[in-house]
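Novice: I would like the atomic coordinates for the input below:
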Amino acid sequence: MEAAIVESIEDPVFRYRIDFHPQEGDLLRMDIFVAPGGGVGVAHFHPRIEERFEVVAGEATFTANGKEIVARPGDPAVVVPPGVRHTFLNSGEAEARIVCEAEPAMGLQGFLTETAALSRAGKLSRRGLPRGPKAFLETAEFADRYRDSVVITGSVMPPPALQPILLRPLARLQRRRQR
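Specialist: I've put the predicted structure just below:
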């Protein structure tokens with residue numbers, strides 16, 4: 001019998017649905033259903049979270065520290081330790097189902113839920129870039145708030161070492177605007 005789902009989100013930009021299971025201590029378990037060509041192509045890392053991905057249907061290509069790993073049902077789980085820059089994409093022709101466990105969970109469920117909300121509101125481009133100045137401020141506030149859980153890297157954000165210096169003032173501005 002499948003465990004109960006406590007929340008289900010859809011992200012039209014990254015083309016996936018996530019079903020979150022009840023949290024067990026510090027473990028967050030989720031089922032990710034990824035459309036062909038969808039996934040998280042925005043490079044990022046988790047400072048303290050380890051993620052374990054098991055492909056149970058379809059095919060996914062993970063890139064971790066520049067190394068590509070193609071995973072299919074029956075393959076060993078892809079383990080991404082804290083601090084390792086990574087992405088994943090459905091590289092098959094059918095929907096992929098990936099079981100992901102994240103530990104410690106920290107704010108990862110909130111981060112993913114808010115990212116999906118930004119996507120559904122049309123505030124993110126397919127590359128994960130904010131659309132327009134208002135979306136840029138919202139994204140800066142969001143990235144600053146979740147910086148202990150997720151750090152976005154690559155072309156969409158400044159280098160990780162500069163993010164606190166550059167994003168904090170923008171995040172404060174956005175928080176003042178929200179009052």
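
Novice: where along this protein do the helices fall?
Specialist: Using DSSP state H, the helices found in the chain span residues 108-120, 132-145, 163-178.

Novice: what would those helices look like in JSON lines with mean pLDDT?
Specialist: Formatted as JSON lines, those follow (pLDDT from 0 to 100):
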{"stretch": "helix 108-120", "mean pLDDT": "95"}
{"stretch": "helix 132-145", "mean pLDDT": "88"}
{"stretch": "helix 163-178", "mean pLDDT": "87"}
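
Novice: is it possible to export the ones you listed to JSON lines including distance to residue 97 and mean neighbour count?
Specialist: All C-beta atoms are positioned from the backbone trio N, CA, C, and that covers glycine. Shown next, in JSON lines, are the helices of the chain (distance: least, CB to CB, whole Å; neighbours: other CB atoms under 10 Å):
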{"stretch": "helix 108-120", "distance to residue 97": "16", "mean neighbour count": "18"}
{"stretch": "helix 132-145", "distance to residue 97": "27", "mean neighbour count": "18"}
{"stretch": "helix 163-178", "distance to residue 97": "33", "mean neighbour count": "14"}
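
Novice: Which residues are in contact with residue 33?
Specialist: 16, 17, 18, 19, 95, 96, 97 (CB atoms under 8 Å, 6 or more residues apart in numbering).

Novice: so what's the third one up against?
Specialist: For residue 18, the contacting residues are 8, 9, 11, 30, 31, 32, 33, 112, 116, by CB under 8 Å, 6+ apart.

Novice: Check what contacts stretch 70-77 and list those residues.
Specialist: Stretch 70-77 is contacted by residues 52-62, 78, 91 when judged by CB under 8 Å, 6+ apart.

Novice: out of these, who's nearest residue 157?
Specialist: residue 62 (20.4 Å; CB to CB).

Novice: residues in contact with the closest one?
Specialist: Counting by CB under 8 Å, 6+ apart, residue 62 has contacts 53, 68, 69, 71, 78, 80, 86, 87, 88.

Novice: Let me have those in TSV, adding distance to residue 124 as columns.
Specialist: Below are these laid out as TSV (distance: CB to CB, whole Å):
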residue	distance to residue 124
53	22
68	25
69	26
71	26
78	25
80	22
86	19
87	15
88	17
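
Novice: Among those residues, which lie within strands?
Specialist: Within those, membership in strands is found for 53, 68, 69, 71, 78, 80, 86, 87, 88, as judged by DSSP state E.

Novice: Just give me the neighbour total for the fourth one.
Specialist: So that's residue 71. Residue 71: 21 surrounding residues under other CB atoms under 10 Å.

Novice: Could you find the closest non-adjacent residue to it?
Specialist: The shortest distance from residue 71 to any non-neighbouring residue, by CB to CB, 6 or more residues apart in numbering, is to residue 55 (4.3 Å).
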